[in-house]
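**Student:** Sequence below, structure please.
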Amino acid sequence: MLENQYQYEFREAGCDEAGRGCLAGPVFAAAVILPPDFHDPLLNDSKQMTERNRDRLRLIIEREAVAWAVEAVSAARIDEINILNASFEGMSLAVARLDPPPEFLAIDGNRFRTRLELPYRCVVKGDGKYADIAAASVLAKTHRDEYMLRLAEEYPQYGWKKNKGYPTREHRLAIREYGLTPHHRLSFSHGIGQLELQF
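**Tutor:** This is a model prediction of the structure:
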């Protein structure tokens, strides 16, 4: 069972992102403030949950959270500032939209930078430890998946309906055959050499 939040002295927002390792599409970041008594037995690191349970939890989180926000950082912006900084930027943008504002941030991962003047703590694998970070991981993942499914309608040849932009064999072979779309991250390696080395 997950601990509700990292600390209880201040109003805390859990923060996480989804899509960092993808070759295409934005990275999505979420920030969530949960009620202190929030509990759902299905809530976990979104990567450990089924798609059906993630979708179910998304509705519950969005209904019951004190505040929540999701932000997308485009492939072009990722190319401009790199994926790590884009993840930090997305989380900062999401936090800035929370109302009421948080007083403390619990961040999934081992690094964070922000211009927000808020205390924070980075927690490695925090989405498997704290409910507010897990809730952020669910929102980031479900909102990103929904976005990639819409893009898949426009670009069916890349298999985004299944791979959501991640570097699967199918996706890399499609890049080799059809080239890159405006939604691909140009700073990521899509190359044939890498494809042949990996597969």
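
**Student:** all contacts plus neighbour counts: C-alpha atoms, from now on.
**Tutor:** Noted.

**Student:** in the top helix by length along the chain, what counts as buried?
**Tutor:** Residue-count comparison of every helix in the chain, with assignments taken from DSSP state H, identifies helix 131-154 as the longest. Buried positions in helix 131-154, judged by neighbour count with 16 or more other C-alpha atoms under 10 Å: 131-145, 147-149, 151-152.

**Student:** likewise stretch 40-48?
**Tutor:** Buried residues in stretch 40-48, counted by 16+ other C-alpha under 10 Å: 43, 44, 45, 46.

**Student:** was I right about the first one contacting residue 135?
**Tutor:** Yes - taking contacts as C-alpha atoms under 8 Å, residue 43 lies within contact range of residue 135: 7.2 Å.

**Student:** And the helices in this structure?
**Tutor:** Applying DSSP H to the chain gives helices spanning 51-64, 75-81, 83-96, 131-154, 160-163, 169-178, 192-198.

**Student:** out of the ones you listed, nearest to residue 119?
**Tutor:** When the helices of the chain are ranked by distance to residue 119, counting by C-alpha to C-alpha, first place goes to helix 83-96 at 12.3 Å.

**Student:** now for the closest one, which elements pack on it?
**Tutor:** strand 12-18, strand 27-33, strand 67-73, helix 75-81 (3 or more C-alpha pairs under 8 Å, 6 or more residues apart in numbering; DSSP states H and E).

**Student:** Mean pLDDT and distance to residue 173 for those - can I get that in JSON lines?
**Tutor:** Conversion of the helices and strands packed on helix 83-96 to JSON lines gives the following (pLDDT from 0 to 100; distance: least, C-alpha to C-alpha, whole Å):
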{"stretch": "strand 12-18", "mean pLDDT": "98", "distance to residue 173": "23"}
{"stretch": "strand 27-33", "mean pLDDT": "98", "distance to residue 173": "22"}
{"stretch": "strand 67-73", "mean pLDDT": "98", "distance to residue 173": "26"}
{"stretch": "helix 75-81", "mean pLDDT": "96", "distance to residue 173": "20"}
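
**Student:** now those in JSON lines, with distance to residue 170 and mean neighbour count?
**Tutor:** Written out in JSON lines, the entries for those read as follows (distance: least, C-alpha to C-alpha, whole Å; neighbours: other C-alpha atoms under 10 Å):
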{"stretch": "strand 12-18", "distance to residue 170": "20", "mean neighbour count": "30"}
{"stretch": "strand 27-33", "distance to residue 170": "21", "mean neighbour count": "31"}
{"stretch": "strand 67-73", "distance to residue 170": "25", "mean neighbour count": "23"}
{"stretch": "helix 75-81", "distance to residue 170": "20", "mean neighbour count": "17"}
